[in-house]
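Q: below are the sequence and a predicted model; questions follow.
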Amino acid sequence: MRSFEHVRAHTVDEALEALGDDWNTRVLAGGTDLLHEMKQGTVIAERLVDIKQIPELGKIEDGNGEVSVGALSRISTLEENALVRARLPILVQAAAEVASPQLRNMGTVAGNVLQRPRCWYYRDRHTVCLRRGGKLCFAAMGDNSRHAIFGAAPCSMVCPSDLAPALVALGAKVEIAGPKGRHEMLLQETFRTPKQDPRRENCLGPSDILTGFRIPEPAPGSRGVFLKARERRVWDFALASVAAQVQTDGDNTVTSAGIVLGGVAPNPWVSQKAQETLAGEKLTEEVCRAAADAAVSEAKAMKHNGYKIDLTRTLVERALTELRG
């Protein structure tokens, strides 16, 4: 790993002042992904702005019908926090599925959401793929067994975050600080598709810092489930996952639903067709199966990842069956 300058910031304003306007300077939080990329040589940074000493970014608080989660909150803290466990059980389930206990103790919520692709072509420093400034997505002609079945062109990487699908299903907003001040936006709207930008996964620029998340408290009658399929029980990323959050009335009729898939698209994939299938229907066995079929109706398999379609369908049906109660 190349040498770099280390700058410790104690406030968000100090961090913003230390950041430049290009990618030679990076924000350092938990470091579980960034430092690994620097060691691999897939990222070269001349300066790291360390934000771990900013107290406000590590808080989890209750207020005004929502839960506020600081960007620096550890994933293990999120998993164990009494407020989150009481109000947002789907997020606790997702946190429990992240990597290993050691990484959950070190990794941050924002870091998990913003982590770079795990695609083996992107992570190989000797392979200059499309996402790293090249002209080709090598997965299209190579081993694509872990790659996307939705929204794959022109890059077929998948979003590796476990927390992002659950947060999107909950309607979470993010707080972003930058040169022009602070603003909020829906987390779902921060993601960029390969067609929008084949080099970046989100809208954050080199001078921006994601400072926290604001998660609406689910309405009465809401319940959620997060399920993840992976090859190994510990320290593995999702082959496919689903965050299902539904609200029902007194006779178990769905009044609103969020079905968000992970591990199958370049960003958390909101399944509009599954949500439409559920709307106004009771959660019967037939409706759960129909929604699961709808969730993968637009999937397009590559040469080696056709199994993901059946796997995703099964996860969605299982999740909705659990929500039937």
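A: Now that the structure is in, tell me what you want to look at.
Q: got the domain boundaries for the chain?
A: Using automatic domain parsing, the domain ranges for the chain come out as 55-114+158-216, 222-324.
Q: please identify which of those domains is closest to residue 32.
A: Shortest separation from residue 32 across the domains of the chain is recorded for domain 55-114+158-216, at 4.7 Å, computed as C-beta to C-beta. (C-beta placed from N, C-alpha, C; glycine too.)
Q: counting neighbours, what do you get for residue 200?
A: Under the neighbour criterion other C-beta atoms under 10 Å, residue 200 is assigned a count of 15.
Q: same deal with residue 310?
A: Neighbours around residue 310, by other C-beta under 10 Å: 13.
Q: that one - that's part of a helix, no?
A: Yes: according to DSSP: H, G, I helix; E, B strand; the rest coil, residue 310 belongs to a helix.
Q: state the distance from it to residue 43.
A: 35 Å (C-beta to C-beta, to the nearest Å).
Q: format the domains of the chain as a markdown table; extra columns: distance to residue 49 and mean pLDDT.
A: Conversion of the domains of the chain to a markdown table gives the following (distance: least, C-beta to C-beta, whole Å; pLDDT from 0 to 100):
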| stretch | distance to residue 49 | mean pLDDT |
| --- | --- | --- |
| domain 55-114+158-216 | 9 | 97 |
| domain 222-324 | 26 | 97 |
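Q: so residue 48, which of the three states?
A: Secondary structure for residue 48, judged by three-state DSSP, is strand.
Q: beta partners of it?
A: Listed by DSSP bridges, the beta-bridge partners for residue 48 are residue 6, residue 26.
Q: check what pLDDT it gets.
A: Looking at residue 48, its pLDDT stands at 98.
Q: mind listing what it touches?
A: Applying C-beta atoms under 8 Å, 6 or more residues apart in numbering, we find residue 48 in contact with 4, 5, 6, 7, 25, 26, 27, 28, 34.
Q: again, only this time at 7 Å
A: Shown in contact with residue 48 (C-beta atoms under 7 Å, 6 or more residues apart in numbering): 4, 6, 26, 28.
Q: quick one: what helix or strand has residue 98 in it?
A: Using DSSP states H and E, residue 98 is not contained in any helix or strand.
Q: that one: neighbour count?
A: Counted with other C-beta under 10 Å, residue 98 comes out at 22.
Q: use 819 as the first number from now on
A: That works, and once the first residue is 819, the last one we named lands at residue 916.
Q: for stretch 889-903, which outside residues touch it?
A: Contacts for stretch 889-903 (C-beta under 7 Å, 6+ apart): 847, 869-870, 872, 875-876, 878, 880, 885, 887, 909-910, 913-914, 916, 922-923, 925-928, 930, 1028-1030.
Q: for that stretch, the distance to its chain's centre please.
A: Centroid separation between stretch 889-903 and its chain, computed with C-alpha atoms, centre = their mean, to the nearest Å, is 16 Å.
Q: then stretch 826-845?
A: 23 Å.
Q: and that stretch, which residues are buried?
A: Neighbour-count burial for stretch 826-845 flags 827, 830, 832, 833, 834, 836, 837, 843, 844, 845 (criterion: 16 or more other C-beta atoms under 10 Å).
Q: tell me which of the contacts of stretch 889-903 fall in strands.
A: Using DSSP state E to define strands, the subset of the contacts of stretch 889-903 located there is 878, 880, 885, 887, 1028, 1029, 1030.
Q: determine which two of those residues are furthest apart.
A: Farthest pair in these, by C-beta to C-beta: 880 and 1028, 20.7 Å.
Q: for the two, indicate the residue with more neighbours.
A: residue 1028 (24 against 13).
Q: hey, what's that one bridged with?
A: residue 994.
Q: could you check how far it is from residue 894?
A: As judged by C-beta to C-beta, residue 1028 and residue 894 stand 19 Å apart.
Q: how about TSV for the buried residues of stretch 826-845, with distance to residue 1092 and pLDDT added?
A: Below are those laid out as TSV (distance: C-beta to C-beta, whole Å; pLDDT from 0 to 100):
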residue	distance to residue 1092	pLDDT
827	42	98
830	38	97
832	45	97
833	40	97
834	40	97
836	44	97
837	40	96
843	41	97
844	37	97
845	35	98
